[in-house]
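A.B. asks: Fold the following for me, if possible:
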Amino acid sequence: MARKSKSPLAVVQTDDIWYCAVHKMRTFVQEDEAEDEYFRPSVIIVVDMITGMILTVGIVREPVSAQEVYNTLVGVMLNPPKEFGASAHRPEEIHFEDETLVKNLQPLLAEAQVTVRFQPHREQMDEIIQVLDKSAFGDDADELPGLLKQRGVTPEQLGSLFAAALDFYRVEPWVQLSNDDILSVQVKGQKSPYFVIVMGQGGEEYGLSVFRNWKEVGSFFAATDPVEMIPRGGRHAFLYNSPPFVSFDDLDAIDTYGWELPAPDVVPTPVVYLTNKMKRPDAAMLHWYEAALRAIPAFVSDHLKTKPDGSHPPVEADLEVESSAGIKQVHIRYPGGDLTALENNLTRTMDFLEEAEMIEETGLPTFDQRGMEGMMAQFSAGMGAVSPSNDPALQKAQQIMYDAWEERIPARRIALAKKALRTSTNCADAHVLLAEEEAQTPRQALDHYQAGVDAGRRALGEDFFADPGNIGHYWGILETRPFMRAMAGLATTQWEMGNREEAERNYREMLRLNPGDNQGIRYLLLSLLMDMGRDEPARALLHQYKGDWSADMAYTSALLEFREKADSPKSKQALLRAIEVNKHVPDYLTGKKRIPSLRSDMITMGGEDEAANYASAYLNHWRKTPGAIDWLRSNYGKRK
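C.D. replies: Presented below is the predicted three-dimensional model:
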């Protein structure tokens, strides 16, 4: 029998029975197209259980409050779907699948004389939700499967693994270990050790990259194609991912069992990369991860020593750690193997991958500004400018290189560089291109850059180098640029290979020849000096270029002031000046934003790209300075 209510919902009550469910969707929504941040929405679904009609579907953001559910229900009561031909009315009962909602909504709906019941399972509602998921967001065939779906994996094991991952993340062992530091990790019972890179020092990816034998390490460092990097059995990694690169099943398990995460948007995600998809590791591998996540921080804090230059002397240790499978004995050795014997370097491999990814996105390599110098050379010749070299063969070879810089197809660029060398052995730019695009190892690149430096000296002539009038104008004189490019490549490769003192000497020589520094060598030298722990020379370099308003100079100056004077008026002033230069940097240094793995070579002063590039190079210097990031967070918050 219909009754009238004296509540604010003074509409006719019917004998209808509604069912209300709050369901997390199997999708992620980008909060802002300009920001790389996602959230998982929920839907509030209200169904008439007598007719089977869906009365409303409301998409809301987690966490869903009882008030939001109440507002949705009131909206349906006052404004039912017009297509049903119904007028405003109240149901007699509303059933909920969530007991907490029943408790919170009972007093609110009691005023409207609506009975609230807890009904935890309705097959009809399950079918509606499945159809809604599939129709709204497509098939879930490409979803990353949940860890609990792997054979033998239990909630108890995963809970212990997530606890180990939480402790590992909080300890931050990547502050001491770089991507070139490889550990040998052997849990008792293994026939041979696995080799591990702790990722995170650059602030892009966090976790463990695991190689099951040294051959896999060699193939990874030597690969020139991303597919070549994946061994037959897959590449194993334990990552700390953020949406959307996580498993919905894992997220649901986290909610169900209450496992604590390192941060709300940071989810431990062990994966196995195959050539065309990803799968999850089995129970045995998850046990190994748990032992490794417990043992590595203890090894780093208790056994690994760090020299002033940032390097570590060899060391090995046996450790005992607790795990869900009982006490585990773990043997760790540093270094895990001799990387120099591989004649390769992770930096060069990752540079290749970034370029390949950029080509895949755009269809073409990035534009090479060096090709524009051909027009400048023609203009200078037309104006009657005197060239340091009167060698027609070299001039012809250099013109071939201008064509090579403009060529978009890498194989043709390499072919043109070799043609230029056949035309003139004094063509430094040809060696530069071959070092960048043909060399497979740092040693090969180093040899090309050194040959380029030698060729550049021959092309310019020793009299040119001896003339003091040329000092300070080396980049302004167009013919000096191939030599200066070769010098920059030589110094940077020396740095990559661990010859820091030689790299510093070459960088300083370039600044002596061209103090105006059109190539940005001062930024490389500053980063190198910070890596070497040489604060005083770094301060002197900052003073030399005190008019430079870049993030590199401003934020590093603030960091050095904090190291020297802690939280002083002078250090605060330096930080506030840095924030004026680029307001985006603190978000990357404090972890509010993750540094993107793919960054553009083009820098916008004061922009997000400049901030990400600075943080990638200097994040660890801030981390290693006690209190620096907390000081930055505190003062940046006040500034905002």
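A.B. asks: neighbours around the closest residue to Tyr169 other than its chain neighbours, how many?
C.D. replies: Counting by C-beta to C-beta, 6 or more residues apart in numbering, Tyr169 lies nearest to Pro262, which is 3.9 Å off, once chain neighbours are set aside. C-beta: built from backbone N, CA, C; applies to glycine. Pro262 has 17 neighbours, counted by other C-beta atoms under 10 Å.
A.B. asks: What are the neighbouring residues in contact with Pro262?
C.D. replies: By C-beta atoms under 8 Å, 6 or more residues apart in numbering, Pro262 lies in contact with Ala165, Leu166, Tyr169, Arg170, Tyr240, Pro268.
A.B. asks: domain assignment for this protein?
C.D. replies: The chain breaks down into these structural domains: 12-137, 147-342, 343-519, 520-640 (assignment by automatic domain parsing).
A.B. asks: what is the mean pLDDT for the shortest one?
C.D. replies: Domain 520-640 shows a mean pLDDT of 90.
A.B. asks: Find out how far it is from the centre of the chain, if you would.
C.D. replies: The chain centroid and the centroid of domain 520-640 are separated by 18 Å, computed with C-alpha atoms, centre = their mean, to the nearest Å.
A.B. asks: if we can go back for a sec, nearest to His431, out of the contacts of Pro262: which one, please.
C.D. replies: Tyr240 (41.2 Å; C-beta to C-beta).
A.B. asks: Tally up the residues packed near the closest one, please.
C.D. replies: 23.
A.B. asks: Correct me if wrong: it contacts Val267.
C.D. replies: Yes. With contact defined as C-beta atoms under 8 Å, Tyr240 counts as touching Val267 (7.1 Å).
A.B. asks: What residues sit buried inside stretch 511-531?
C.D. replies: The neighbour-count check on stretch 511-531 (16 or more other C-beta atoms under 10 Å) flags 511, 513-514, 517, 519, 521-531 as buried.
A.B. asks: Mark which of these are part of strands, please.
C.D. replies: Using DSSP state E, the subset of the buried residues of stretch 511-531 located in strands is empty.
A.B. asks: nearest to Gly218, of those?
C.D. replies: Using C-beta to C-beta, the buried residues of stretch 511-531 come closest to Gly218 at Asp531, 26.0 Å.
A.B. asks: mind listing what the closest residue to that closest one other than its chain neighbours touches?
C.D. replies: Nearest residue to Asp531, sequence neighbours excluded (C-beta to C-beta, 6+ apart): Gly310, at 6.1 Å. Listed by C-beta under 8 Å, 6+ apart, the contact partners of Gly310 are Asp531, Met532, Gly533.
A.B. asks: give me that answer again for 10 Å
C.D. replies: Gln176, Ser178, Arg500, Met530, Asp531, Met532, Gly533, Asn620, Lys624 (C-beta atoms under 10 Å, 6 or more residues apart in numbering).
A.B. asks: re the thing from before, just the pLDDT at the residue nearest to Tyr169, thanks.
C.D. replies: 93.
A.B. asks: Tell me how far it lies from Phe162.
C.D. replies: Going from Pro262 to Phe162 by C-beta to C-beta, to the nearest Å gives 9 Å.
A.B. asks: returning to what we had before: please narrow the contacts of Pro262 to those residing in strands.
C.D. replies: Using DSSP E, the contacts of Pro262 in strands are Tyr240, Pro268.
A.B. asks: Out of the contacts of Pro262, the closest to Ile17 would be?
C.D. replies: Closest to Ile17 out of the contacts of Pro262 is Pro268 (42.4 Å), distances taken as C-beta to C-beta.
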